[in-house]
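Engineer: Next input, structure requested:
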Amino acid sequence: MANTTLTLLQTAMGNWLGNVNTTRLPDAIRTDCINAAIRFYLRQYDLRYGEVTDTFVTAASTYDYSLPTGWLRPHTLWYTHPTNSSTVFLIYREKEVFNNLFPDTSKEALPTYYTAWGANLRLGKTPDQVVTINRNYYGLLTDLASPSDSNVFTSDAWEAILFKALEIACEGYGINDRRLPQWKMLARQWGEQLVTSHARARTSGRKAQSSEPG
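Structural biologist: The predicted structure is shown next:
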C-alpha cells in the first residue's frame, strides 16, 4: 500500500479479518491497535524509524535536564569543547555507577558522563557553564490520529504494523479469529526482517575499501 495512511490500515484490518465491520471492531479500537503495534516495535527494537536527533543547552550549576517526549533510550551525546573546539562524547553509566563517580553535585566542570533517571538526564560533573549538547536517541513516533495521518513507519513497513495490529485486536480486544497464531508468526517475522534490514543499513556504508576510489 503506497502512502499508507491510518484509514488504509484501519480498512486493511477489517479486510484481513474477513470484512469485520466497524461495529464489531470500531475505528477507535483499530487506531489503538495500530498505534500500539508501532509503539511495540519501537520499544522492542532499535529501528531507524525511532532515531531522533536534537540539542539542549546546559546551564551553570544545573545537572538535571528533562528527557524529551517519547524518549526510549540514548544513543550518543556530544558537544564541542568551548576552548579547544574538540568533540567531547559523553560516556553513559548506570545510575549506581554514576552516583559513585559523582556523589557531590556541587562540584562543577565541563560534563563528561551522563545517566538517565526518572524523567531526566543527569550530567556529571555538574556543568559550570553553557554548552550545547547534541543528542541522538531512540524515541516513539507521534500517534496516528487523523484519517490521513501517516509516518515513515507506515510508509516503509505497513505489513509489520498490520500483522501486529491484527494480533493485538485478537488478543487484546477479543476478536475471535482462528488465524491468531498466523498473525503472531507474521508479526514476529516482519519485526525480525526490520531489525536485519536496519542493521545492514547502518553497516553497509562503513565497509572497508580495498583501494582508494578513482
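Engineer: elements contacting the strand or helix carrying F98?
Structural biologist: F98 is part of helix 95-101 when elements are defined by DSSP states H and E. Packing partners of helix 95-101 (3 or more Cβ pairs under 8 Å, 6 or more residues apart in numbering; DSSP states H and E): strand 113-117, strand 120-124. Any C-beta I mention is one placed from the backbone N, CA and C, and that applies to glycine too.
Engineer: Which stretches in the protein count as helices?
Structural biologist: Taking DSSP state H as the criterion, the chain carries its helices at 6-16, 27-44, 95-101, 152-156, 158-172, 180-204.
Engineer: For the fourth one, list every residue counted as buried.
Structural biologist: Okay, so that is helix 152-156. Within helix 152-156, the residues that count as buried by 16 or more other Cβ atoms under 10 Å are F153, T154.
Engineer: quick check: mean pLDDT across it?
Structural biologist: Averaging pLDDT along helix 152-156 gives 94.
Engineer: circling back to that earlier point, Serialize the helices of the chain to CSV and add fields for distance to D54.
Structural biologist: Output for these, formatted as CSV (distance: least, Cβ to Cβ, whole Å):
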stretch, distance to D54
helix 6-16, 26
helix 27-44, 17
helix 95-101, 22
helix 152-156, 17
helix 158-172, 25
helix 180-204, 20
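Engineer: between these, which one is nearest to W71?
Structural biologist: helix 27-44 (11.3 Å; Cβ to Cβ).
Engineer: buried set for the closest one?
Structural biologist: Quick answer for helix 27-44 (16+ other Cβ under 10 Å): 29-42.
Engineer: got those as TSV, with distance to D177 and pLDDT columns?
Structural biologist: Below are those laid out as TSV (distance: Cβ to Cβ, whole Å; pLDDT from 0 to 100):
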residue	distance to D177	pLDDT
I29	14	97
R30	14	97
T31	19	98
D32	17	98
C33	13	98
I34	17	98
N35	20	98
A36	17	98
A37	16	98
I38	21	98
R39	22	98
F40	19	97
Y41	21	97
L42	25	97
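Engineer: just curious, which of those residues is nearest to N19?
Structural biologist: Among the buried residues of helix 27-44, and counting by Cβ to Cβ, the member closest to N19 is R30, at 13.6 Å.
Engineer: For the closest one, which residues are in contact?
Structural biologist: R30 makes contact with L9, Q10, M13, G14, A165, A169, according to Cβ atoms under 8 Å, 6 or more residues apart in numbering.
Engineer: Which one of the residues you listed sits in the busiest neighbourhood?
Structural biologist: A165 (29 neighbours; other Cβ atoms under 10 Å).
Engineer: Might you report the residue contacts of that residue?
Structural biologist: L9, M13, R30, C33, I34, A36, A37.
Engineer: For the last one, which non-adjacent residue is closest in space?
Structural biologist: Spatial nearest neighbour of A37, excluding adjacent residues (Cβ to Cβ, 6 or more residues apart in numbering): K164 at 3.6 Å.
Engineer: The one you found and N19: what is the separation?
Structural biologist: Counting by Cβ to Cβ, to the nearest Å, the gap from K164 to N19 is 20 Å.
Engineer: Where does pLDDT dip in this protein?
Structural biologist: The chain contains residues with pLDDT under 70 at 2, 204-214.
Engineer: quick one, longest strand in it?
Structural biologist: strand 71-80 (DSSP state E).
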